[in-house]
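# Following is a predicted model, sequence given first.
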Amino acid sequence: MSQRPVALLLLLAAVAAASAGTGESVECVILLHGLARTSASMDKMEQRLDEAGYSVVNIDYPSRELTIEELAPLVVDEGLLGCRRTAGLSRIHFVAHSLGGILVRQYLNEHEIPELGRVVMLGPPNQGSDAADELGGLPGFDWINGPAGRQLGKGEASVPLALGPADFELGVIAGSRTIDPVGSAVLEDPDDGKVSVFDTRLEGMDDFVVVEHSHAFLMRMQKPIELTIRFLQTGSFELPDD
């Protein structure tokens, strides 16, 4: 064989290796839905994040069947596995609705994620929710909410109150509109029907914003989705010109 074809093959291999080495890094987002919901509730968020250039792993999990301590490793590890299959992975972000945010806090309380980027929580009961305590005695509460639902209150069984402040980059989006008069009757105003605006806050968070949407639709509405993408990109909910 002549030396020219061999040299050409070596040159092509070198070019291919150089191209692979300069490939763009990829950021992955793990989506976690809320209590008694499914991954379908995060479909619009998934679509918009994909359009924004993120790799997305939208997790479906049995929110009504297990405790928060049992759910957190089950759910987050599945998301991490999905993200770590992504070629060129650089960072892993979380976007979590309601209970999903508490699962992230529970996991990070016990584990480190080397690739951890930013976290956005929508309507999280970070200080517990009075609704879980006040409505816990109603017939059907456990059937609807499962064991995790009883852990989202403010009493001795509260998981959110047992977890520490955020030591990761966090943005919180709270809702101030309600379509749930029963829940709102036991919550401090303003509220989103499930959690008061005040109780979504968490010590150590980097940014906080209130939108006029209800708890059930926070993750599906245009403004919260735009704010979520902005925080993932910049670490702030504000526009550069704000």
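Noted; the coordinates are in hand.
# quick one: buried residues of the helix or strand hosting residue 100?
Residue 100 belongs to helix 99-110 when assigned by DSSP states H and E. Residues of helix 99-110 classed as buried: 99, 100, 101, 102, 103, 104, 105, 106, 107, 108 (neighbour count, 16 or more other Cβ atoms under 10 Å). (Each C-beta comes from the backbone N, C-alpha and C, glycine too.)
# Past it, which element shows up next along the chain?
On the C-terminal side of helix 99-110, the closest following helix or strand by DSSP H and E is strand 116-122.
# Next secondary structure element downstream of that next one?
helix 130-134.
# what's that next one packed up against?
helix 141-150 (3 or more Cβ pairs under 8 Å, 6 or more residues apart in numbering; DSSP states H and E).
# Show me the strands in the chain, by range?
26-32, 55-59, 89-97, 116-122, 169-175, 207-211 (DSSP state E).
# Throw these into CSV and include mean pLDDT, thanks.
Formatted as CSV, those follow (pLDDT from 0 to 100):
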stretch, mean pLDDT
strand 26-32, 98
strand 55-59, 98
strand 89-97, 98
strand 116-122, 98
strand 169-175, 98
strand 207-211, 98
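# Of all the ones you listed, which one comes closest to residue 183?
Ranking the strands of the chain by proximity to residue 183 (Cβ to Cβ) places strand 169-175 first, at 11.8 Å.
# Give me the contacts around that closest one.
117-124, 126, 191-193, 195, 197, 200-202, 204-215, 218, 224, 227-228, 231, 235-237 (Cβ atoms under 8 Å, 6 or more residues apart in numbering).
# Narrow these to those that are buried.
Among these, the ones that count as buried by 16+ other Cβ under 10 Å are 117-124, 126, 191-193, 195, 197, 200, 202, 205-207, 209, 211, 213-215, 218, 224, 227-228, 231, 237.
# Write down the beta-bridge partners of the closest residue to residue 218 other than its chain neighbours, one by one.
Closest residue to residue 218 apart from its sequence neighbours, by Cβ to Cβ, 6 or more residues apart in numbering: residue 122 at 4.4 Å. On the basis of DSSP bridges, residue 122 is bridged to residue 97, residue 173.
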